[in-house]
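**Student:** sequence first, then the predicted structure, then my questions.
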Amino acid sequence: MKILFAAPENAWGGFIGLLRAEIPEHQCEATGGFKVDNLKGVDVLIPTMCRISDDMLAQSDKLQLIQQCGSGLEGVDIDAARKRNIMVANVPTDISGNADSVAELGIYFMIGLSRNVHQLAKSLREQRMGEPMGRALSGQTIGIVGLGGIGRALIKRLKPFGVRLIGIKRYDPEKAKNELGLEWVGGSGDLKELLTRSDHVVLALPVTAESKNIIDAEALSAMKKDAFLINLSRGGLVDHDALRDALASGKIAGAGLDVFWEEPPDPNDLIFKYNIMATPHIAGSTDVSMRGIVKGVAENIRRVATGCLPLYLSNG
């Protein structure tokens with residue numbers, strides 16, 4: 001079968017090379033960029049960050065499966081795929097090691113922002129030792145919006161830091177509070193309370209019609225002035241202009257971003273002049289998670305090749 005990887009050859013630690021080694025009997029090709037120009041002759045598409053529309057799917061003649069190399073499928077027109085009998089599947093974060101890797105990056109952001117990493121570099125350049133004074137994580141309140149695989153991985157790792165943990169869970173928040181041992185868990189309508197209480201607000205939920213731009217100007221105004229926003233999930237959760245204005249006016253202290261409104265982001269975007277720690281969508285890109293994701297993607301390709309249904313279907 002022909003598998004098309006919609007990304008540069010070396011993206012995500014050479015994912016396509018790892019996949020070739022796992023399934024040498026199949027033809028794996030990279031598009032060379034985050035784009036798809038032609039689906040003719042393609043049996044399996046790995047969309048990465050590309051938007052997959054109905055018009056694009058109309059070009060396909062053999063496509064059986066859209067298999068994401070991760071969990072995010074918000075860019076795929078799943079209804080259009082279903083209409084064309086094209087299966088859509090992902091690799092859930094909690095079975096691949098991805099959630100654990102993303103959680104680690106979240107803690108990196110928390111520590112870096114609390115220790116004022118940009119000022120640290122400036123102090124070294126200016127030969128000023130012993131400053132700035134940072135803030136310890138111990139005693140801070142971490143508000144996690146979304147208590148799925150990534151949220152749970154964060155909670156597990158954060159508890160030894162002596163932080164207060166609160167969260168938002170769309171369904172059955174009281175059950176989540178008791179199960180995860182959090183101080184407080186609210187429902188979808190309780191976001192403002194989490195924002196007003198948190199020293200770090202961590203976004204770990206998917207983008208849906210309900211959650212798009214969930215962090216807008218009103219939400220940012222509810223945050224503490226010395227609080228940080230950390231987005232580990234999808235850029236569409238945050239209103240770009242509202243965040244830029246909040247950083248410029250000092251409504252919040254800073255942000256940690258692994259995901260953006262467009263990817264790759266414009267390096268000249270004025271938002272980067274403010275107190276932001278930014279990484280190029282690499283939260284889940286570690287040796288452990290890549291091995292787990294490759295195994296999951298390869299398993300589904302083998303299943304399709306032998307006439308079996310893939311695992312973790314989103315439009316079954």
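**Tutor:** That came through fine.
**Student:** chain center to stretch 212-224: distance?
**Tutor:** Centre-to-centre, stretch 212-224 and its host chain are 19 Å apart (C-alpha atoms, centre = their mean, to the nearest Å).
**Student:** again, but for stretch 217-237
**Tutor:** Per C-alpha atoms, centre = their mean, the centroid offset for stretch 217-237 relative to its chain is 15 Å.
**Student:** Val88: which element?
**Tutor:** strand 87-89 (DSSP states H and E).
**Student:** counting contacts, what elements does that strand pack onto?
**Tutor:** strand 65-67, helix 78-83 (3 or more C-beta pairs under 8 Å, 6 or more residues apart in numbering; DSSP states H and E). Yep, even glycine has a C-beta here, placed from its N, CA and C like the rest.
**Student:** can I get those in a markdown table with distance to Arg51, mean pLDDT and mean neighbour count?
**Tutor:** Formatted as a markdown table, the helices and strands packed on strand 87-89 follow (distance: least, C-beta to C-beta, whole Å; pLDDT from 0 to 100; neighbours: other C-beta atoms under 10 Å):
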| stretch | distance to Arg51 | mean pLDDT | mean neighbour count |
| --- | --- | --- | --- |
| strand 65-67 | 12 | 97 | 24 |
| helix 78-83 | 11 | 94 | 16 |
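**Student:** nearest to Ala21, out of these?
**Tutor:** For Ala21, the closest of these is strand 65-67, at 17.1 Å, according to C-beta to C-beta.
**Student:** state the pLDDT value of the residue nearest the centre of the chain.
**Tutor:** By C-alpha atoms, centre = their mean, the chain has its centre lying nearest to Ser233, at 2.8 Å. The pLDDT attached to Ser233 in the predicted structure is 94.
**Student:** beta partners of Gly143?
**Tutor:** Ile166, Val201 (DSSP bridges).
**Student:** state the number of residues packed around it.
**Tutor:** Using other C-beta atoms under 10 Å, the number of residues around Gly143 comes to 26.
**Student:** what sits against it?
**Tutor:** Contact analysis of Gly143 by C-beta atoms under 8 Å, 6 or more residues apart in numbering lists Ile166, Gly167, Ile168, Leu194, Leu195, Arg197, Ser198, His200, Val201, Val202.
**Student:** helices along the stretch 1-150 of the chain, start to end?
**Tutor:** Remark: helices assigned in the stretch 1-150 of the chain by DSSP state H, counting those that start in this stretch are 11-22, 54-57, 78-83, 93-96, 98-114, 117-125, 149-158.
**Student:** contacts for the third one?
**Tutor:** Residues lying outside helix 78-83 but in contact with it, judged by C-beta under 8 Å, 6+ apart, are Ile52, Ser53, Asp54, Leu57, Ile66, Met87, Val88, Ser314, Asn315.
**Student:** for the protein, which element, helix or strand, carries the lowest mean pLDDT?
**Tutor:** Every helix and strand of the chain was ranked by mean pLDDT, DSSP states H and E. The lowest is helix 93-96, at a mean of 81.
**Student:** only alpha carbons, please: show that one as PDB.
**Tutor:** Taking C-alpha atoms only, helix 93-96 is exported to PDB below (Å, rounded to 0.1, in the frame of the first residue of the first chain):
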ATOM      1  CA  THR A  93      -2.400  10.200  23.900                       C
ATOM      2  CA  ASP A  94      -2.700   7.800  26.800                       C
ATOM      3  CA  ILE A  95      -1.700   4.600  25.000                       C
ATOM      4  CA  SER A  96       1.400   5.900  23.200                       C
END
